[in-house]
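Q: model this:
(one chain, ligands or ions: 2)
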Amino acid sequence: MITLTIAGSDSGGGAGIQADIKTFQELGVFGTSVITALTAQNTLGVHGIFPTTVQFVEAQLKAVLEDFNVTAIKTGMLFNSEIIECVAATLKNRGLPLIVDPVMIAKGGASLLQQESIQALKNKLLPIATVCTPNIPEAEVISGRSIHTEQELFLAAQDIISLGVQCVVMKGGHLAGDKAIDAVFIKGEVPFVLETNRFETKHTHGTGCTFSAALTAEIAKGKSLQEAVLEAKKFVHLAISNPLNIGHGFGPTNHFVYRQLEGKCDVVCH
Ligand SMILES: Nc1ncnc2c1ncn2[C@@H]1O[C@H](COP(=O)(O)OP(=O)(O)O)[C@@H](O)[C@H]1O
Ligand SMILES: Cc1ncc(COP(=O)(O)OP(=O)(O)O)c(N)n1
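A: Ligands and ions are numbered 1, 2, ... in the order given. Here you go, the predicted structure:
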């Protein structure tokens, strides 16, 4: 199985391309990459961004797609409208599962997507996406609604599905409470929730990238959306709850532990 991640590089190794490739590897799929931007980043924050030219994004896409039999693709940090439009035009009509993690702002506050690119994300990329995995602030930006209640969460998910996405996973890492809850909306099906205990830690850098990469790996293996989101939730929960304590700030998660524990993790599904 071969996957492709189209995302930014995190020199600190906890998020972006690096988190994706590590996750693919741990889940037994071969990862390829298209790098949209270099970030000078560590556990203390994003210190610089150097975007790739759209011509070179296109060259990387061509090189990977003309040689490898890719079975699922994910996007992360896309940075600007030109890159989004290039990615969407290249992937349109290929019929491959596309997982869009609509990365906008790093936890430290750095902007990883230019504000004026939201329309390109909504109008070009999401209509060809299989799954979109927003956290709550990203879902608010895409849907244009503030999300404080279950009803607002449901309506925001419907708004995103109406853009053409088949499945929306609303990641609840930013919600308060002692549970880490993600709500899964699949077009035409009854929504469900995946729930684990919330692990008290500051080392959550790259959780969203890791979750969406695990989801992509499982979809590449041919798992159903329901099976794939469950396995991705297990992967990220184990990675968060067994921290490595690396760096002086908000550290990365533990990408090794899922394999070491053979994926054993309690997730409540209701
Ligand atoms: N402290 C935590 N304990 C357990 N799970 C968490 C914790 N923080 C986030 N998660 C889980 O990590 C995944 C990524 O969520 P989130 O942190 O919201 O994404 P992002 O990095 O895009 O903001 C979700 O499955 C979420 O429930
Ligand atoms: C290069 C790069 N891509 C994405 C992110 C954001 O990752 P995320 O999983 O949302 O985690 P935080 O950075 O928000 O902790 C990133 N930082 N860098």
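
Q: So what's the model's average confidence on stretch 19-34?
A: Along stretch 19-34, the predicted confidence averages to a pLDDT of 98.

Q: List the buried residues in that stretch.
A: For stretch 19-34, a neighbour-count test (16 or more other C-beta atoms under 10 Å) marks 19-27, 29, 31-34 as buried. Every C-beta, even on glycine, is put in place using the N, C-alpha and C of the backbone.

Q: Just the ones of the residues you listed in strands?
A: Secondary structure assignment (DSSP state E) places 31-34 from these within strands.

Q: State the pair within those that is farthest apart.
A: Farthest-apart pair in these is 31 and 34; separation 11.3 Å (C-beta to C-beta).

Q: hmm, back to that, return the closest of the buried residues of stretch 19-34 with respect to ligand 1.
A: Each of the buried residues of stretch 19-34 was checked against ligand 1 using C-beta to the nearest ligand atom; the closest is residue 19, at 10.0 Å.

Q: Pull the contacting residues for the closest one.
A: Applying C-beta atoms under 8 Å, 6 or more residues apart in numbering to residue 19 gives the contacts 10, 13, 206, 209-210, 213, 252-253, 255.

Q: Which parts of the stretch 101-250 of the chain are helices?
A: In the stretch 101-250 of the chain, the helices defined using DSSP state H, counting those that start in this stretch lie at 118-120, 136-143, 150-161, 207-220, 225-241.

Q: Among the ones you listed, single out whichever gets nearest to ligand 1.
A: When the helices of the stretch 101-250 of the chain are ranked by proximity to ligand 1, the top entry is helix 207-220, at 2.2 Å, counting by C-beta to the nearest ligand atom.

Q: Look up the closest residue to the residue in the stretch 1-150 of the chain positioned nearest to ligand 1, ignoring the ones flanking it.
A: Proximity of the stretch 1-150 of the chain to ligand 1 (C-beta to the nearest ligand atom) peaks at residue 135, 3.6 Å away. What sits nearest to residue 135 in space, not counting adjacent residues and going by C-beta to C-beta, 6 or more residues apart in numbering, is residue 171, at 4.7 Å.

Q: Quick check: that neighbour vs residue 80, distance?
A: As judged by C-beta to C-beta, to the nearest Å, residue 171 and residue 80 stand 24 Å apart.

Q: on that earlier part again, mark which of the buried residues of stretch 19-34 are part of helices, please.
A: By the criterion of DSSP state H, membership of the buried residues of stretch 19-34 in helices covers 19-26.
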